[in-house]
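> Need a 3D model of the sequence below.
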Amino acid sequence: MAMNALDKLNALLSKKYGDGVIMDLRNPETSLPDIPRVALDNPSIAELFGKEGVPIGRVIEIYGEESSGKTSLCEYIAGQFQKSDLPYVDDKTGEVKTRKGVVVYIDAENAIDLEYAKVHGFDRNNAILVQPDSGEEALDIAFAYADSGEVDLIILDSIAALTPQAIIEGDMDQQTIGLQARMLSKFFGKSIATFKKNNCTLICINQTRTKIGGWSPTGTTPTDTTGGKALKFYASVRIEVRRKEYIMDKDDLKGLVIAAKTVKNKTAPPMVKKLLEMSFDTSFDSKKEWIDVFIKYNLIEAGGAGWFTISSGEKLQGRDNLVKYYEEHKDEFDELVTKARKIINANTGSRVSVDEDEI
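Numbering: from 1, shown residues only. Next up is the predicted model:
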């Protein structure tokens, strides 16, 4: 069949710019590229991102006030990347192979505690720590690692700490308005395609600051993130986190309840709200989260007075006994997780959230 003018143009552009740039959706044989994801073992955190986990090759922003769990959440995600088998292209053979996720942690705040990061599953033996002297240095290093194709996840901690060199070298009374925003705008414009091309995910930790002279109709103090507007536009996923309350055991502080909300998501329905329980000793309790999912989707039958009927027909009272049972019967637990994931992925067209107005 003879090629028409549009077919010829498509062929010419594909030859000029490479395969995968031009996709003719009129052809029923053209397959759309799926969004690859890193599956997370905590279902609530996974639902914040959509489907089973974090989209690969995208820019993600996690922001909130101080001590709200931002760094802990990123360390948990880093540990999940390090446990996963992720695809990469072998430079010598051109074959697609898999490797355990390689993480670069850019600590612009010079504040990471690698010993505590172990609690959240962060493996220092499969990570690279960078402590830059300026914002330009941090962003140049991030781009170099993303462009190499040898890294799967870059965590930038934090946007607020990326101080331009001109501010570092200038006098205290020097006017530097907009320097950081221009620096970030240039970086994202230059690098966004590189992250996607090399399947490298960038997670940016950001802080909220009070808007000077701002006004809110609700009477609350208006806040905004630092670094200008470039990150807001380039990020595929933006998650806001807040410290809702502390978890106490008598007089001992044991952890945090984190209120998380997906305020933007280009890969799944947005506005998902979750309450996450994080222990300072054991991180995020995935088993308890999964049991809540099993009950929600009737994979475990809930009865009165705290009694539950599991798939074998056995009855157990109390969620703690359910957790203990599935810790001793891992195969049954994994089977229910598989069933639950299928249900969650089938329901991605609808938003899943909790009824929390203050999240």
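> ok, for residue 108, nearest residue in space, not its chain neighbours?
The spatial neighbour of residue 108 that comes closest, neighbours along the chain excluded (CB to CB, 6 or more residues apart in numbering), is residue 161 at 3.9 Å. For glycine as for every other residue, the C-beta is placed from the backbone atoms N, C-alpha and C.
> What's the local residue count around that neighbour?
A total of 20 residues lie near residue 161 under the criterion other CB atoms under 10 Å.
> before we move on, what about the one 10 residues further on?
The number of residues packed around residue 171, counting by other CB under 10 Å, is 7.
> Let the chain start at 13 from now.
In the new count, where the first residue is 13, that last one comes out as residue 183.
> ok so, going back, ramachandran coordinates for the residue nearest to residue 120?
Backbone torsions of residue 173, given as degrees, to the nearest 10, read phi -90, psi 0.
> which residues touch residue 104?
Contacts for residue 104 (CB atoms under 8 Å, 6 or more residues apart in numbering) come out as none.
> gap between it and residue 141?
Counting by CB to CB, to the nearest Å, the gap from residue 104 to residue 141 is 28 Å.
> And residue 70, by the same measure?
Taking CB to CB as the measure, residue 70 falls 23 Å from residue 141.
> same check, this time on residue 294
As judged by CB to CB, residue 294 and residue 141 stand 24 Å apart.
> same question, residue 37
If you measure residue 37 against residue 141 using CB to CB, the figure is 43 Å.
> okay, those two: which has more neighbours?
Here residue 37 and residue 141 are set side by side on neighbour count (other CB under 10 Å), and the busier one is residue 141, at 12 against 7.
> check which helix or strand covers the more buried one.
strand 139-142 (DSSP states H and E).
> which residues sit against that strand?
Strand 139-142 is contacted by residues 90, 94, 114-119, 124, 126, 150, 153, 157, 163 when judged by CB under 8 Å, 6+ apart.
> That one - which strands sit beside it in the sheet, and in what orientation?
In the sheet containing strand 139-142, its partner strands are strand 115-119 (parallel), by DSSP bridges.
> Can you tell me what sits against the helix or strand following the strand it pairs with?
Beyond strand 115-119 on the C-terminal side, the first helix or strand identified by DSSP H and E is helix 126-129. Outside helix 126-129, the residues that touch it by CB under 8 Å, 6+ apart are 87, 90, 134, 136, 141.
> let's see 6 Å
Helix 126-129 has contacts (CB atoms under 6 Å, 6 or more residues apart in numbering) with 87, 136.
> which parts of it are buried?
residue 129 (16 or more other CB atoms under 10 Å).
> which two from the contacts of strand 139-142 end up farthest apart in space?
Pairwise distances across the contacts of strand 139-142 (CB to CB) peak at 21.5 Å, for the pair 94 and 150.
> What is the burial count for residue 259?
Counted with other CB under 10 Å, residues neighbouring residue 259 total 14.
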